[in-house]
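>>> next one to model:
(2 chains)
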There are 2 protein chains.
Amino acid sequence: MACRFQSALRLAVGKPYPALKPAYQRVVGHGQRCFSVSTAWQLRTKEMNEEVLASLKVNQKRLMEDIHYTCQWGTGERWGSAPTETGMSRLALSDADKEARDWFVSTTQALGCKTTVDSMGNIFAVRPGLRNDKPPTFVGSHLDTQPTGGRYDGILGVTAGVEMLKVLADNWVETEYPVGVVNWTNEEGARFPLSMVASGVWAGSIPQETAHNTREVHPGTATMLSELTRIGYLGQTPASYESIPMAAHFELHIEQGPLLEMSNKKIGVVKGVQAYKWFTVTVKGRDTHTGTTDLKSRADALLTAAKMILHSHRLATANAALASTGILNLKPGSTNTVPGDVTFSLDIRAPTDSTVQKMKDLILADFAAIAAGKDILDSNANCTSGLPCSVTIVEDFDSPATIFHNDCIDSVSKAARSVLGPDAQNLVMEMTSGAGHDSVYASKRCPTSMIFVPCREGVSHNPAEFCKEEDCSLGAQVLLQSVLRFDRMRDERRISWKQEPYTL
Amino acid sequence: MACRFQSALRLAVGKPYPALKPAYQRVVGHGQRCFSVSTAWQLRTKEMNEEVLASLKVNQKRLMEDIHYTCQWGTGERWGSAPTETGMSRLALSDADKEARDWFVSTTQALGCKTTVDSMGNIFAVRPGLRNDKPPTFVGSHLDTQPTGGRYDGILGVTAGVEMLKVLADNWVETEYPVGVVNWTNEEGARFPLSMVASGVWAGSIPQETAHNTREVHPGTATMLSELTRIGYLGQTPASYESIPMAAHFELHIEQGPLLEMSNKKIGVVKGVQAYKWFTVTVKGRDTHTGTTDLKSRADALLTAAKMILHSHRLATANAALASTGILNLKPGSTNTVPGDVTFSLDIRAPTDSTVQKMKDLILADFAAIAAGKDILDSNANCTSGLPCSVTIVEDFDSPATIFHNDCIDSVSKAARSVLGPDAQNLVMEMTSGAGHDSVYASKRCPTSMIFVPCREGVSHNPAEFCKEEDCSLGAQVLLQSVLRFDRMRDERRISWKQEPYTL
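Numbering: from 1, shown residues only, chains lettered A, B, ... in the order given. Reported below is the predicted structural model:
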């Protein structure tokens, strides 16, 4: 197996792979392996002790070069003067996303991976291990961004996966099981308003037809299916955990919140993800002239929507939840016409499913009352009573609270302690993710955990999103070790249990 | 003069004009005039008594046919099952607007008018009178509509002007002074967000360069100048009251409010227009992730805008004014990103300039305070204090309260009483317009008044905007008589005063 893999690697790369660094030859001290065309040393994960694990280092400079190189596709707003001080605007399945995907495919293939594109455009790059009859241990994240996003959200996770492949190749590491990197499609839900939709289809949680028919947000008309076809990323392999099983899924991500930075921590060991629901709220009133319609003769859909948005914030405050509106469209859209039609998104989050459900119940009742003109929490104080509006609320998306798998959490935790050394107890914290990630869906079908690194002021979904180079690198280092530790654990359990624990 | 005009009319129409109705021959009882090619009878306005004035009737069926015929260009949303039960969407200087303009030019030319297009695309159609060295008495309104507008706002005024020309031609009426019909460009301010912009340039109140450079609303990029050029309506004549003076301006319009209908009146004699100002409000916060940013770490531009919109309504309630937001755009526009950038329109109206100014002062102070996170009228009650936003408020447009001219008001009032007969006192009301109209700018350079007719439930700027056929016709009848009465008065004053009172 190993020999065949290395041969394949040479063929893929097209030239002999660089010789091992002398340091690893010294550290490892293994015997020569059965390479048909090489006499290089090789590391097997099952034989790695703590010292060896700690010695495998990601190349920070190379990682940052990959991040910024891929950010040439879909470069966004500038926030600083340095060449890399811009945000990103790489909407899923856009031309820019296709360029980034092409890079991912060619780069991972050059590193000896077999790449598979599934029917949701997810790209799985798999590096063979010793036992390729079992599912790979995956690293995954996404290359799409928000319309005014940054250079780290998603991109760090994928490029750290590529960096992992490079470190494994550099050091002639042979894993017990295959390892892979996956780029999930449309994680952001920014262009096609179903976030994590493609990992959701893979997990069997979202029907593929629903996903394929999802239209891009106003004012576009393309669907996921039409855009997958257009950019050439509609794969033949069904998007399913049955077609492409995973032994585990690890994801490195910026925290996107302020907690790590505020508490001077470096690594977050993510134990789960808070619950959330997304709604589309449509308020219907009546278009009327702003100058000739007195306040009491109006059915003002925007004034009503404003009361609802404010009320959702008040409910969130009262229930220790989050409520956010990120999209609002109105019709007809003229300075001197009272809008008769307003549609807005509502994103509700809380640590527990029960709190999210309570928020939903309150919103359904209170929004209907506000539309009808009733006073809710003084919403009508000092107002003129107008004509009633109607409201419809559609739940678009439901992501229950997620609890990650102890085996993965344990791998991340040990890796973080190894990477950070003696000071680890001051630099690592366990946390719950505020944001959804593809790991939420992955966790439904395989053991999963995530690694968080701090980002400046907790700012994300913003061009100025920023993660220090040393933090990107630390995170990638923990990711690499987590995968190797998990691979080693799989082998140990196989030996002790006489079976592969994670056969799906 | 009369002979030359009639000859010109015959040439323009291209065939002998229909013979007079016998009724008018009987009623008028004048001697034969000096027609070189005809022996027909002719009416001169100076010789018209009340009986003759009352006998000149608009053709209701023909008027309605003109209204609905022109609504083939830019047909909007359907609200009923009948062929004419749709709204309109004829944005200024669009292809549909060009078609309507072409109809206006060809129709008025066929009725013997000389048409002039000025540098704002205003179209003036002038029917000669006996004394063509003096400015015409104009009827004016607009053919552009809101994006989801109706079939009457503006269109009724222009088609009633055309119907006036037809009645004058039918009855061989010769006015003492020329009379005209003007189609003003972009009255709505819906596509190019400066309402009544072209009458404003004509009046010298808006610089032509400002108007020409006005860009269409988001997301378009065309300017008024580029679209005037594109559709071939950039005239050579300067848009100015000096190039095209008016002796008076009368405008027939649907009320666009509920007062006439609610009080069972048929004609509103409009004595003036309320004051208003338009603002663009921009709130800047910070784009952040909805799931990972706790409420106190947010600078939520949309939540802040919602508080402002609600507050503007409360201020309007407290000050007997109107406050309306008809446009709102936000960025970046993603369900899971707190918007960092919101821009909205604010339309403030009140009967007096001082109330509008007071509202402006309150808004400037209070919006700044709301953006800074201060509590204004309990705006922060039950809320979480977040990070501050910034706000900028630009005044785009100022229309002081307008008082129309007593001579025009008197003409309209007498016409209404004549048309409505013995029951007039129950069917006519004096009113102030809530909406701006081109008559506001016209009134800065010539005596002006308006005629209002009821519209169903006061609904306007809405596809279902509706005015009964009998009311359209009544309004057109009052318009016709107002113009003839004004023309007669000009002649009477000339005789008694030895001068033309309205030379500009």
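>>> how about chain A, which residue sits the furthest from its center?
residue A:292 (50.1 Å; C-alpha atoms, centre = their mean).
>>> show the contacting residues for it.
Neighbour list for residue A:292: B:255, B:256, B:257, B:433, B:434, B:435, B:458, B:460 [criterion: C-beta atoms under 8 Å, 6 or more residues apart in numbering or on different chains]. For the C-beta atoms, the positions are set from N, CA and C on the backbone; glycine is no exception.
>>> kindly recompute the last result at 7 Å.
Residue A:292 makes contact with B:255, B:256, B:257, B:434, B:435, B:458, B:460, according to C-beta atoms under 7 Å, 6 or more residues apart in numbering or on different chains.
>>> do the same with residue A:283
Taking C-beta under 7 Å, 6+ apart, we find residue A:283 in contact with A:301, A:304, A:305, A:342, A:371, A:389, A:391.
>>> which one of the residues you listed is nearest to chain B?
Closest approach to chain B among these (C-beta to the nearest C-beta): residue A:305, at 7.7 Å.
>>> among the contacts of residue A:283, which ones lie close to chain B?
With the criterion set as C-beta under 7 Å from any C-beta of the partner chain, no member of those is near chain B.
>>> show me the two of those residues that sit farthest apart.
Greatest spacing in the contacts of residue A:283, by C-beta to C-beta: A:342 and A:371 (10.8 Å).
>>> and the residue nearest to residue A:333 when sequence neighbours are not counted, how many residues sit next to it?
Leaving aside its sequence neighbours, residue A:333 sits nearest to residue B:327 (C-beta to C-beta, 6 or more residues apart in numbering or on different chains; 5.3 Å). Look at residue B:327: counted by other C-beta atoms under 10 Å in any protein chain shown, it has 23 neighbours.
>>> quick check: the gap between residue B:327 and residue B:459.
20 Å (C-beta to C-beta, to the nearest Å).
>>> after the strand or helix carrying residue A:253, which helix or strand is next?
Assessed by DSSP states H and E, residue A:253 sits inside strand A:248-254. Using DSSP H and E, the next helix or strand after strand A:248-254 towards the C-terminus is helix A:259-262.
>>> and that following helix, how far out from the chain's middle?
20 Å (C-alpha atoms, centre = their mean, to the nearest Å).
>>> and it, what's buried?
Buried residues in helix A:259-262, counted by 16 or more other C-beta atoms under 10 Å in any protein chain shown: A:259, A:260, A:261.
>>> residues of stretch A:94-109 that come out buried?
A:94, A:96, A:97, A:98, A:99, A:100, A:101, A:103, A:104, A:105, A:107, A:108.
>>> how about the second one: what's its closest non-neighbour residue?
Just to be clear, that refers to residue A:96. residue A:74 (3.4 Å).
>>> residues touching that neighbour, list them.
Applying C-beta under 7 Å, 6+ apart, the residues contacting residue A:74 are A:88, A:89, A:90, A:94, A:96, A:145.
>>> ok, now residue A:116?
A:124, A:235, A:237, A:244.
>>> and it, that's in a helix?
No. Judged by DSSP: H, G, I helix; E, B strand; the rest coil, residue A:116 forms no part of a helix; its state is strand.
>>> what's the neighbour count on the residue in the stretch 1-150 of chain A that chain B sits nearest to?
Nearest to chain B, among the residues of the stretch 1-150 of chain A, is residue A:148, at 3.8 Å (C-beta to the nearest C-beta). When neighbours are counted by other C-beta under 10 Å, residue A:148 registers 25.
>>> my read is that it contacts residue A:77, right?
Yes. Between residue A:148 and residue A:77 there is a contact under C-beta atoms under 7 Å: 6.2 Å.
>>> how many other residues sit next to residue A:202?
Around residue A:202 there are 32 residues (other C-beta under 10 Å).
>>> got it, and residue A:398?
Residues lying near residue A:398 (other C-beta under 10 Å) number 15.
>>> buried residues of the helix or strand that it is a member of, list them for me.
Residue A:398 is part of strand A:390-399 when elements are defined by DSSP H and E. Across strand A:390-399, burial judged by 16+ other C-beta under 10 Å covers A:391, A:393, A:396, A:397, A:399.
>>> stretch A:46-64 now?
Those would be A:46, A:48, A:52-58, A:60, A:62-64, for stretch A:46-64 by 16+ other C-beta under 10 Å.
>>> one more: stretch A:132-143?
In stretch A:132-143, counting by 16+ other C-beta under 10 Å, buried: A:134, A:135, A:136, A:137, A:138, A:139, A:140, A:141, A:142, A:143.
>>> do stretch A:66-75 as well
For stretch A:66-75, by 16+ other C-beta under 10 Å, it's A:66, A:67, A:70, A:71, A:73, A:74, A:75.
>>> quickly name whichever of the residues you listed is closest to residue B:470.
Looking across these and measuring by C-beta to C-beta, the closest to residue B:470 is residue A:74, at 60.8 Å.
>>> show me which positions of stretch A:338-354 end up buried.
So, applying 16+ other C-beta under 10 Å, buried residues of stretch A:338-354: A:338-351, A:353.
>>> endpoints of that stretch, how far apart?
The straight-line separation of the ends of stretch A:338-354 (C-alpha to C-alpha, to the nearest Å) is 38 Å.
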